[in-house]
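**Q** from the sequence below, what's the structure:
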Amino acid sequence: ETLGGNENLKPHPKHEFEIIVCHANVIRYFTCRALQIPPEAWLRLCIFNCSLTYLTIRPTGNVSCRMLGDIGHLDYGHSTFSNHHGFNW
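**A** Numbering: from 1, shown residues only. Sure, this is the predicted structure:
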């Protein structure tokens, strides 16, 4: 099947997204496991509350971390980490 009569155009494969809301420790641990680095490395990662982490898993099984702990959607006054506000902790 073609789109608009163009033989070279093929429909894109279906993309799937999983949204997981959980504690930062779980996100750090899962990220380490997905990237195949030692799970103990999660202790060296800092993730703000209400942050976004975005992992891409390709059909080949390769995993890329596109964002880790991103808080660009929050105002400075709303960013917190371990009961501290802002970036001075």
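**Q** can you give me how far the longest strand along the chain is from the chain middle?
**A** Longest strand of the chain, by residue count under DSSP state E: strand 63-70. Its chain's average C-alpha position is 4 Å from that of strand 63-70, according to CA atoms, centre = their mean, to the nearest Å.
**Q** then stretch 30-40?
**A** That offset, for stretch 30-40, works out to 13 Å (CA atoms, centre = their mean).
**Q** what do you get for stretch 64-74?
**A** With CA atoms, centre = their mean, you get 6 Å for stretch 64-74.
**Q** could you pull out the strands in this structure for me?
**A** Under DSSP E, the chain gives strands at 52-57, 63-70, 80-81, 84-85.
**Q** between those strands, which gets nearest to residue 33?
**A** Proximity to residue 33 (CB to CB) singles out strand 63-70 among the strands of the chain, at 9.4 Å. (C-beta placed from N, C-alpha, C; glycine too.)
**Q** list the buried residues of the closest one.
**A** 68, 69 (16 or more other CB atoms under 10 Å).
**Q** partner strands of that strand and their direction?
**A** Applying DSSP bridges to the sheet, strand 63-70 is found paired with strand 52-57 (antiparallel).
**Q** which outside residues touch the partner strand?
**A** 27, 31, 34, 47, 63-71, 73 (CB atoms under 8 Å, 6 or more residues apart in numbering).
**Q** next, give me the two most distant ones among those residues.
**A** 63 and 73, at 23.4 Å, using CB to CB across these.
**Q** let's check: the centremost residue of this protein is which one?
**A** Centroid-nearest residue in the chain, with CA atoms, centre = their mean: residue 54, separated by 1.7 Å.
**Q** against residue 41, how distant is that one?
**A** In this view, residue 54 and residue 41 are 18 Å apart by CB to CB, to the nearest Å.
**Q** kind regards, and thank you for your time.
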